[in-house]
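> sequence and predicted model, in that order:
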Amino acid sequence: MGSNVTSDKSIGAELMDRVLVAGDEFGWGSAGILSGIARSLRMRAPGIIMLGLDTKISRRVLASAGIEYWTDTDGWTDQELQDWAADNDVQHAVVVLNADLASRLCQAGIYVVYVDTLAFIWGEHDPLPTGVPIYCAQKFGAAELPRHSRLTGLPALKWVDGIVGAIPEPTRADSGRPLIAVGGLQSPASYPGSVDAYISTAVEPMLCALRDDGWGPVDIAGNTGSARASTLERLREKYDVSFLTLPREEFLERATAAPLLATSPGLTTLLEFGSLAKPTIVLPPQNLTHTWFSERVASICGTETVLSWGDRTLDADVLLELQRCKGEDVAVRMIYETIVKSSEDSDAFAYLKAAARSAIHAATVNPTAMLPFVCSIGSSGADQVAEMVTSSPAQYGTPR
């Protein structure tokens with residue numbers, strides 16, 4: 001990378017003008033993180049202009065984040081990216097989990113604050129933007145960097161708390177409608193059959209258990225548009241389900257009014273739902289990191305409200321070893337293949353339905369069960385990242 005010339009002054013909240021923001025295209029994890037950081041930036045610098053790059057599948061979720069407009073960089077050369085940043089007078093960026101874009105922006109002379117919520121999982125061969133000025137790694141309980149991690153000893157590495165959105169004030173309002181969050185539901189390794197399989201094998205048993213326990217209509221929030229229309233229509237008719245795609249703040253408001261919550265084990269939503277101190281159930285994992293998060297919640301909060309696939313081949317230790325030996329894609333493909341097989345097994349449906357009924361009862365009895373998990377990670381990460389951005393050098397120069 002070329003030399004960068006920095007000033008001795010930081011941006012300062014009162015001087016903050018514009019900043020690039022970007023996430024990745026893997027599910028909606030980065031959207032929730034960006035939403036929390038964007039809110040903290042707006043509070044610190046009310047006049048800030050945030051310009052979004054790429055992050056196409058998450059834009060609807062970020063509708064309330066205050067992003068001025070979005071630009072696609074598909075097919076751009078590094079010079080075109082640098083010219084665009086110069087034309088828009090942008091020198092700073094917050095990038096969540098998009099290692100390639102972070103590296104390209106850094107090469108273009110942008111001061112990049114990179115946010116990684118999965119630092120504990122990357123091995124020596126994973127592509128990481130280690131050349132960024134600040135590399136924020138979200139804490140995850142007792143998880144440590146792998147022995148051969150390229151992040152070990154990295155001067156730019158900064159550990160931050162859990163990054164969550166603004167948790168709404170507790171409300172007495174009760175929508176009467178349980179809320180099930182399924183997140184992005186897709187990844188580079190997913191396909192329509194695997195998405196349908198997760199809905200049929202993990203979500204439908206929960207719907208069936210809720211109906212049998214006397215609950216009425218249910219809201220399902222997430223990227224369900226990636227599922228087959230026939231699958232969604234069947235669930236609408238059979239269980240009186242509404243499918244929602246909501247901006248992040250509206251999603252959290254809906255969660256605050258729900259009498260019961262269930263979520264696939266994405267870390268951001270686990271922290272947000274756990275902070276609400278409402279009856280919360282953890283659905284079986286969709287991907288590799290979900291498996292880790294799910295087992296961590298179970299180890300801290302107990303297994304009563306955490307649903308598993310009941311398949312030893314999907315244990316976190318087994319999958320992480322597979323990932324380290326053969327790569328993340330191989331581990332994720334095995335997860336999807338196992339879920340698809342489970343969707344064809346009536347015994348798997350019966351097992352998860354029974355587990356869901358037990359979890360509903362346990363969550364209702366102990367609505368604050370998730371709080372210890374939240375406390376083990378913290379929830380101030382968005383403010384910590386925003387502070388690093390507003391404390392960045394005011395002028396960052398471009399490569400020579």
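Great, that's in hand. Everything numeric here is computed off the predicted structure, so don't read it as measured data. Numbers count the residues shown, from 1 in each chain.
> the stretch 51-200 of the chain: helices as residue ranges?
Using DSSP state H, counting those that start in this stretch, the helices of the stretch 51-200 of the chain run over 78-87, 99-107, 192-198.
> output those in CSV; the columns should cover mean neighbour count and distance to residue 249.
C-beta here means a position set from N, CA and C on the backbone, and glycine is covered the same way. As requested, these are exported to CSV (neighbours: other C-beta atoms under 10 Å; distance: least, C-beta to C-beta, whole Å):
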stretch, mean neighbour count, distance to residue 249
helix 78-87, 14, 29
helix 99-107, 21, 25
helix 192-198, 21, 26
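> same list (these) but as a markdown table, adding distance to residue 243 and mean pLDDT.
Shown next, in a markdown table, are the helices of the stretch 51-200 of the chain (distance: least, C-beta to C-beta, whole Å; pLDDT from 0 to 100):
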| stretch | distance to residue 243 | mean pLDDT |
| --- | --- | --- |
| helix 78-87 | 36 | 85 |
| helix 99-107 | 30 | 90 |
| helix 192-198 | 13 | 81 |
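> can you count the residues close to residue 32?
30 (other C-beta atoms under 10 Å).
> before we move on, back to that, can you check which of the helices of the stretch 51-200 of the chain gets nearest to residue 210?
Proximity to residue 210 (C-beta to C-beta) singles out helix 192-198 among those, at 17.4 Å.
> helices and strands around the closest one, which ones?
Packing partners of helix 192-198 (3 or more C-beta pairs under 8 Å, 6 or more residues apart in numbering; DSSP states H and E): helix 328-343.
> now do the buried residues in the helix it packs on.
Residues 328, 331, 332, 333, 334, 335, 336, 338, 339, 340, 342, 343 are the ones in helix 328-343 that count as buried (16 or more other C-beta atoms under 10 Å).
> for stretch 201-214, same thing?
With burial defined by 16+ other C-beta under 10 Å, the residues of stretch 201-214 counted as buried are 201, 202, 203, 204, 205, 206, 207, 208, 209, 210.
> any regions of the stretch 1-150 of the chain where pLDDT drops low?
1-16, 25-29, 56-66, 141-143 (pLDDT under 70).
> go again using 80 as the cut-off
Where the stretch 1-150 of the chain drops to pLDDT under 80, the residues are 1-17, 23-32, 45, 53-69, 71, 121, 123-125, 140-144, 146-148.
> I'd assumed residue 385 was in contact with residue 94.
Yes: between residue 94 and residue 385 a contact is recorded at 6.9 Å, counting by C-beta atoms under 8 Å.
> residues shared between the contacts of these two?
Common contact partners of residue 94 and residue 385 (C-beta atoms under 8 Å, 6 or more residues apart in numbering): 37, 113, 115.
> only whichever of the residues you listed are buried, select them in ChimeraX.
Buried residues within the shared contacts of residue 94 and residue 385, by 16+ other C-beta under 10 Å, are selected in ChimeraX with:
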select :37,113,115
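> among the shared contacts of residue 94 and residue 385, name the ones in strands.
In this view, the shared contacts of residue 94 and residue 385 that belong to strands under DSSP state E are 113, 115.
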